[in-house]
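# test case, fold it:
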Amino acid sequence: MDIKDIKSVYFIGAGGIGMSAIARYFIKKGYVVAGYDKTPSELTRQLEQEGMLLHYEERVDEIPQACKDPESCLVVYTPAIPSTHSELAFFREKGFEIEKRAQVLGTLTRTHKGLCFAGTHGKTTTSCMCAHIMHQSAVDCNAFLGGISKNYGTNYILSDHSDYVVIEADEFDRSFHWLRPWMSVITSADADHLDIYGTREAYLESFRHYTTLIQEGGALVVRKGLELKPDVKAGVRAYEYARDEGDFHAENIRIENGEITFDFISPIENVENVCLGQPIPINIENGVAAMAMAQLNGCNAEELRYGMKTYRGVNRRFDFQIKTDRLVFLSDYAHHPKEIDQSARSLRELYPDRKITAVFQPHLYTRTRDFYKEFAQALSLLDEVVLCDIYPARELPIEGVSSRLIYDCLQPGVQKALLHKEEVLDWAKKRDFDVLVFLGAGDLDASVPQVKELLEKRLKS
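Predicted coordinates for the structure are as follows:
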């Protein structure tokens, strides 16, 4: 279907962070936008306020009439939707154009200059950083983000003149193979989604194939040290980055009084005295990647400095709720062992002499089965660990797989407990904390406002 023929767009699984960004694009462009999601959320309520027609029961008769013409309605679905879904079956039977979210993004990378951020972890933060740097610069950009930017209160940025579009390239279900990046950053390639890929080798091969899709004349920026052999076309520039080494890196790092400043070293132009608006140690490396992409596409030194200094972070990514001398409380979306490890090390660097307590909700039975030892190793960097039941997402339970697998492998000396998610609030009422972090990509985050309120009252008493 040619985009000029589209009059309406219907989303099946509309409330996901990636799907909602595309829905917002079509809403802003003036299309009739409707869809289904299983559960109402703050995000779906916002979409309804912005003009999207949404319902929450799997019923064909709830599909608006404007979305029942196969000649003018594009259907977009998320891979998390089962093939037996009645609305998806209806559209298939009637011959509608049906595309995955990644296919729609792929179309946009063919009509715009796609700046794509891929990786097992780190891609949401680096893409949001880059989008903010570029949006506040003379270059500007559009952006489809994998998290809610605190600078903009949304996961979507629209420009009325820029040809650039910042995209989070998702490796799940090989979705990023639909993209045709102008340039790409790869932040990491630690094995994940083995329920899809089967082996680490297949996972790495998927990333290698992704690098072949970068357009001639563009560029690839890969984190130094990855077990990945890129296969770029002739005419594609290749760079490496890291915190302390690579074509792009940081030098003269200063961490003091809650502030982080460093010099950005680049083959294009060095930028001195970059100050992190969200001063977290891991954001030094994330910032290097984001600035590399922005600089390669025309942002000057002053724009890089200003963008980094005014960057405010992403909801649920090292997201401070309370930050005082007496108590620190934050939530972090970390749900892969490497992410947990990075989060734990950043907390240790920020608070070397304080007791750190983590409440972790594992995400997916298959991920827990495949990496429970690695999860335990990363969590053992902390002083106290509370494990909640596994958040199943799209999966059914697997016999013998539970949070106890991680619990039993935690290192001696780590205080530990097993709790149901519903018990966390009562547990918090009976405990004193120094540094408390909620970890995971499931629904544990829904209890953050209650815990925050509880702890704030305690601070005032």
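
# what's the burial count for the closest residue to Ala89 other than its chain neighbours?
With sequence-adjacent residues excluded and distances taken as C-beta to C-beta, 6 or more residues apart in numbering, Ala89 is closest to Ser83, at 7.9 Å. C-beta: built from backbone N, CA, C; applies to glycine. Applying other C-beta atoms under 10 Å, we find 8 residues neighbouring Ser83.

# got it, and Leu419?
Count around Leu419 with other C-beta under 10 Å applied: 16.

# what of the one 4 residues further on?
Burial of Glu423 is recorded as 13 neighbouring residues (other C-beta under 10 Å).

# tell me the pLDDT at the residue nearest to Ala89?
Ser83 is assigned a pLDDT of 86 by the prediction.

# would it count as being in a helix?
No - with DSSP: H, G, I helix; E, B strand; the rest coil as the criterion, Ser83 is assigned coil and is not in a helix.

# tell me the contacts of Ile340?
Residues near Ile340 by C-beta atoms under 8 Å, 6 or more residues apart in numbering: Ala334, Phe360, Phe375, Ala378, Leu379, Leu439.

# what about the residues you listed, which are in strands?
Of those, the ones assigned to strands by DSSP state E are Phe360, Leu439.

# dump the contacts of Ile340 into a markdown table; add distance to Ser188 as well.
As requested, the contacts of Ile340 are arranged in a markdown table below (distance: C-beta to C-beta, whole Å):
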| residue | distance to Ser188 |
| --- | --- |
| Ala334 | 12 |
| Phe360 | 20 |
| Phe375 | 16 |
| Ala378 | 14 |
| Leu379 | 19 |
| Leu439 | 17 |
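
# out of the contacts of Ile340, which end up buried?
Ala334, Phe360, Phe375, Ala378, Leu379, Leu439 (16 or more other C-beta atoms under 10 Å).

# could you single out the nearest of those residues to Arg404?
Within the buried ones among the contacts of Ile340, the smallest distance to Arg404 is 12.0 Å, found for Phe375 (C-beta to C-beta).

# now do the closest one, the pLDDT please.
Phe375 is given a pLDDT of 97.

# quick one: contacts for it?
Pro337, Ile340, Phe360, Pro362, Thr368, Ile406, Cys409.

# weed out the non-buried ones from these.
Counted by 16+ other C-beta under 10 Å, the contacts of Phe375 give Pro337, Ile340, Phe360, Pro362, Thr368, Ile406 as buried.

# any chance of JSON lines for those, columns secondary structure and pLDDT?
Below are these laid out as JSON lines (DSSP: H, G, I helix; E, B strand; the rest coil; pLDDT from 0 to 100):
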{"residue": "Pro337", "secondary structure": "helix", "pLDDT": "93"}
{"residue": "Ile340", "secondary structure": "helix", "pLDDT": "94"}
{"residue": "Phe360", "secondary structure": "strand", "pLDDT": "97"}
{"residue": "Pro362", "secondary structure": "coil", "pLDDT": "96"}
{"residue": "Thr368", "secondary structure": "helix", "pLDDT": "96"}
{"residue": "Ile406", "secondary structure": "helix", "pLDDT": "97"}
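
# now for those residues: which two are most distant?
Ile340 and Thr368 (12.3 Å).

# can I get the contacts of Phe375 in a markdown table including distance to Gln321?
Output for the contacts of Phe375, formatted as a markdown table (distance: C-beta to C-beta, whole Å):
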| residue | distance to Gln321 |
| --- | --- |
| Pro337 | 24 |
| Ile340 | 19 |
| Phe360 | 17 |
| Pro362 | 22 |
| Thr368 | 26 |
| Ile406 | 24 |
| Cys409 | 29 |
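
# closest one of the residues you listed to Glu256?
Nearest member of the contacts of Phe375 to Glu256, counting by C-beta to C-beta, is Ile340, at 26.5 Å.

# how far away is that closest one from Ser331?
Per C-beta to C-beta, to the nearest Å, Ile340 is found 13 Å from Ser331.

# overlap in contacts, those two.
In contact with both Ile340 and Ser331: Leu439, using C-beta under 8 Å, 6+ apart.

# ok, and what's touching stretch 14-22?
By C-beta under 8 Å, 6+ apart, stretch 14-22 touches 11, 13, 23, 35-41, 43-44, 47, 52, 54, 76, 78, 80, 101, 104-105, 144-148, 155-156, 168, 170.

# which of the helices or strands spans Thr107?
helix 101-111 (DSSP states H and E).

# any buried residues in that helix, and which?
Arg101, Ala102, Val104, Leu105, Gly106, Thr107, Leu108, Thr109.

# that's a strand at His165, yeah?
You called it His, but residue 165 is Val. Yes - read with three-state DSSP, Val165 is one of the residues of a strand.

# who are the contact partners of it?
By C-beta under 8 Å, 6+ apart, the neighbours of Val165 are Leu108, Thr109, His112, Lys113, Gly114, Leu115, Cys141, Asn142, Ala143, Phe144.

# please verify my assumption that the second one contacts Tyr164.
No - counting by C-beta atoms under 8 Å, Tyr164 is not a contact partner of Thr109; they are 10.7 Å apart.

# okay, and the common contacts of these two?
With C-beta under 8 Å, 6+ apart as the test, Thr109 and Tyr164 both reach Trp182.

# hmm, back to that, next one: the residue nearest to Ala89 from Thr125, what distance?
33 Å.

# could you do Ser188 as well?
12 Å.

# what distance separates the start and the end of stretch 350-364?
Terminal residues of stretch 350-364 are spaced 30 Å apart (C-alpha to C-alpha, to the nearest Å).

# grab the nearest non-local neighbour of Tyr365.
Nearest to Tyr365 is Ile398, by C-beta to C-beta, 6+ apart, at 4.4 Å.

# whoops, Cys388 was the one
Gln361 (4.2 Å).

# also Ala250?
The nearest residue in space to Ala250 (C-beta to C-beta, 6+ apart) is Phe262, at 4.2 Å.

# quick check: bridge partners of the one you found?
Judged by DSSP bridges, the bridge partners of Phe262 are Val274.

# same check on Leu74?
Beta-bridge partners, per DSSP bridges, of Leu74: Val9, Glu97.
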